[in-house]
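Participant: Test case, fold it:
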Amino acid sequence: KQPLRYSLEVSRERQKAVEADEAPLNEMTNTAPEADGSGGIAAAAPVAEGIDAAASSDRQEGEPKPAPDATTTTTTSNTDETTLLQQPPTVAAQQEQQQQQEEEAKQEEEEEWEIQRNAHKSAADAAFRSGDYVTAIQQYTNALSVDPTNPILLSNRSAAHLSNGEKSKSLADARECIRVSDGSFTKGYSRLAAAMMSLGRWGEAKAAYGKVLERDANNVAARKGVEDCRSREVAQNMAEVERLKKIREEKEAAAAEVAEKKRLEEEEEEARRKEEEEKAKTDASAHGGGGDD
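Facilitator: This is a model prediction of the structure:
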């Protein structure tokens, strides 16, 4: 009975403390709970999610709040998670999941063709470096079959065609490289310039190198290419002048030869005519002299 009487007295003292707005020590944490704005004791926050807030409404006013049981809290939380997992997915969730699966499948498919493209390109690069330009062209073509608008592949195949002596095909790939990249792939203009130079089209090659310098003013190869094109263009112009001069001289010589031949023919004709006249006079004189005798 004495312990029971002591417990009742403790309960009465705590009740008085609450009524007097005194903050008793929290038995679980040994710290005082935060007071609310009115000076009273603020309600204790739930310890974990899933605890039913209505469970504390059965306590009498002023009664100390019991500490939540860890086992009960864990069990309740696990029950809530299990309930959420057992709920059927919504339409939006199903659509999102389907879209994610489609994107993953598309990504796997893209990765597959990228693997094929890169394998062909690696084989082509190795063949090009070894001087096997026919194999390089074939492998670049295989890579382009799965990635037809790749400017790097077109640029490399243009170089392979040029190294193999296929100037027109090199020019075609260079132009296609520029087209598919909308002019943003600078190397395409370098390939175009090289193809033009191989065909002796120095003016167009110089213009292509100019496009490179518009995008990369410090491109040493392009600067050298422009100078090379200018010198070759000057030499070509001089050669053209000499060619035309030679043609003119040949024509003049031919005309002079024709004129000389004609003059000789006319002189011969004149000499023959005079000879015939002299002969006719001689014959006439001879016939005339015989009649007088």
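
Participant: what kind of secondary structure is the nearest residue to Val180 once chain neighbours are set aside in?
Facilitator: Excluding the flanking residues, the one nearest Val180 by Cβ to Cβ, 6 or more residues apart in numbering is Thr149, at 4.4 Å. (C-beta placed from N, C-alpha, C; glycine too.) Per DSSP: H, G, I helix; E, B strand; the rest coil, the local secondary structure of Thr149 is coil.

Participant: just Gly200 next, same as before
Facilitator: What three-state DSSP gives for Gly200 is coil.

Participant: now it, nearest residue through space, not along the chain?
Facilitator: Gln236 (7.3 Å).

Participant: The one you found: which element?
Facilitator: Per DSSP states H and E, Gln236 falls inside helix 220-292.

Participant: low pLDDT regions in this structure?
Facilitator: 1-89, 107-110, 288-293 (pLDDT under 70).

Participant: can you give me the helices in it?
Facilitator: 2-19, 70-86, 91-129, 133-146, 151-163, 167-180, 186-198, 202-215, 220-292 (DSSP state H).

Participant: Tell me how many other residues crowd the closest residue to Arg157 other than its chain neighbours.
Facilitator: Closest residue in space to Arg157, ignoring its immediate chain neighbours: Tyr140 at 3.9 Å, by Cβ to Cβ, 6+ apart. Close neighbours of Tyr140, defined as other Cβ atoms under 10 Å, add up to 29.

Participant: show me what contacts Tyr140?
Facilitator: 120-121, 124, 153, 156-157, 160 (Cβ atoms under 8 Å, 6 or more residues apart in numbering).

Participant: Which of these sits closest to Leu213?
Facilitator: Of all the contacts of Tyr140, Asn156 has the smallest distance to Leu213: 22.1 Å, by Cβ to Cβ.

Participant: For that closest one, give me its contacts.
Facilitator: Contacts of Asn156 by Cβ under 8 Å, 6+ apart are 121, 124-125, 128, 136, 140.

Participant: Okay then, goodbye and thanks.
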